[in-house]
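Colleague: missing the sequence, but the structure's below:
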């Protein structure tokens, strides 16, 4: 069983607290993505799960077994790293099966597992090639295949797509999603790329400053962020934030509205501004509106938008989709 539980996991490097009490449960077969900015603790947390780092405090439970003091090789995990780490003198077949060979598995069993994994990853025709004869995407598939043949209870991915170009990232992302659907093994995936998080995860764990900010499905985080950090981190272009007050509530608040929840009107609206730049992206258009009273707003329109830089426009907010945040960053009124 590949369930995972983290109980009050803390990690300090000297006087620096990197993880500050992480509590999390991952169900068997779930695909969970850790996401957050650089330095938030996501890679350290993954390394603790793998056994490559030791927690300063707390417990780690995999499949109902406390593995806090168990060495990495006996945790029932397999890890795919950012770098491929393939042996250049070995072909694809031998790179994929090397770990099993070192563990003393019979050759026939190794061959069967390699064949199965190669078929899953469309590597059948590449088994005799060496890494230098492969593209970056093919090398990463070999690294994933090397993990699959171990038949682990838990897969760990540490930013596996960051070395690939944009097209290969999309292709490999789809292959990882298909692989999870096919084998159903629990996967924990670390990335700084919110697109990867939104498209792959059953649930996303947003980390910041060594603390879990929110856990939820991609659309739960997008539509119902717990605080201003999550609201600003999830979504591209990011949410617009406006300092102000809310009618019926005391004190100064920050109002948040996503770019797609603002429409432009040349006749009138909630606030006036000047268009400074227009990004034509094909399916969408991002329009930057300099509103002297509140600063720069980003408006996303569907398809081509015939708005000229320098023109005066009014922004009209969808009040049903506007968020309010208190001075401490938490959601106001929830």
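Modeller: Arrived safely, thanks for sending. All figures in this text were calculated on a predicted structure; none of them were measured in a lab.

Colleague: every contact and neighbour count from this point should use C-alpha atoms.
Modeller: OK.

Colleague: what mean pLDDT does stretch 181-191 get?
Modeller: Across stretch 181-191, the average pLDDT comes to 94.

Colleague: contact partners of that stretch?
Modeller: The contact list for stretch 181-191, computed with C-alpha atoms under 8 Å, 6 or more residues apart in numbering, reads 2-3, 27-36, 42-43, 46, 152-159, 180, 197.

Colleague: and the gap between the residue in the chain sticking out farthest from the centre and residue 103?
Modeller: Computed with C-alpha atoms, centre = their mean, the residue of the chain farthest from its C-alpha average is residue 267, at 40.9 Å. Per C-alpha to C-alpha, to the nearest Å, residue 267 is found 73 Å from residue 103.

Colleague: cool, residue 73 as well?
Modeller: From residue 73 to residue 103 the distance is 10 Å (C-alpha to C-alpha).

Colleague: ok, now residue 128?
Modeller: In terms of C-alpha to C-alpha, residue 128 sits 22 Å off from residue 103.

Colleague: who's more crowded, those two?
Modeller: residue 128 (14 against 8; other C-alpha atoms under 10 Å).

Colleague: under the pLDDT cut-off, which ranges of the stretch 51-200 of the chain? List them.
Modeller: Applying pLDDT under 70 to the stretch 51-200 of the chain flags no residue at all.

Colleague: all strands in it, in order from the N-terminus.
Modeller: Along the stretch 51-200 of the chain, counting by DSSP state E, counting those that start in this stretch, strands occupy 57-62, 65-66, 77-80, 154-158, 186-191.

Colleague: buried deepest among those strands, which one?
Modeller: strand 186-191 (a mean of 24; mean count of other C-alpha atoms under 10 Å).

Colleague: now do that strand and strand 154-158, the angle between them.
Modeller: 10 degrees (axes from the mean of the first three to the mean of the last three C-alpha atoms, to 10 degrees).

Colleague: so how far is strand 186-191 from its chain's centroid?
Modeller: What separates the centre of strand 186-191 from the centre of its chain is 8 Å, taken as C-alpha atoms, centre = their mean, to the nearest Å.

Colleague: then stretch 289-298?
Modeller: Computed by C-alpha atoms, centre = their mean, the chain-centroid distance of stretch 289-298 equals 30 Å.

Colleague: helices along the stretch 201-334 of the chain, start to end?
Modeller: Assigned by DSSP state H, counting those that start in this stretch, the stretch 201-334 of the chain shows helices spanning 218-223, 228-233.

Colleague: list the helices and strands the last one packs on?
Modeller: Contact partners of helix 228-233 among helices and strands, from 3 or more C-alpha pairs under 8 Å, 6 or more residues apart in numbering; DSSP states H and E: strand 211-216, helix 218-223.
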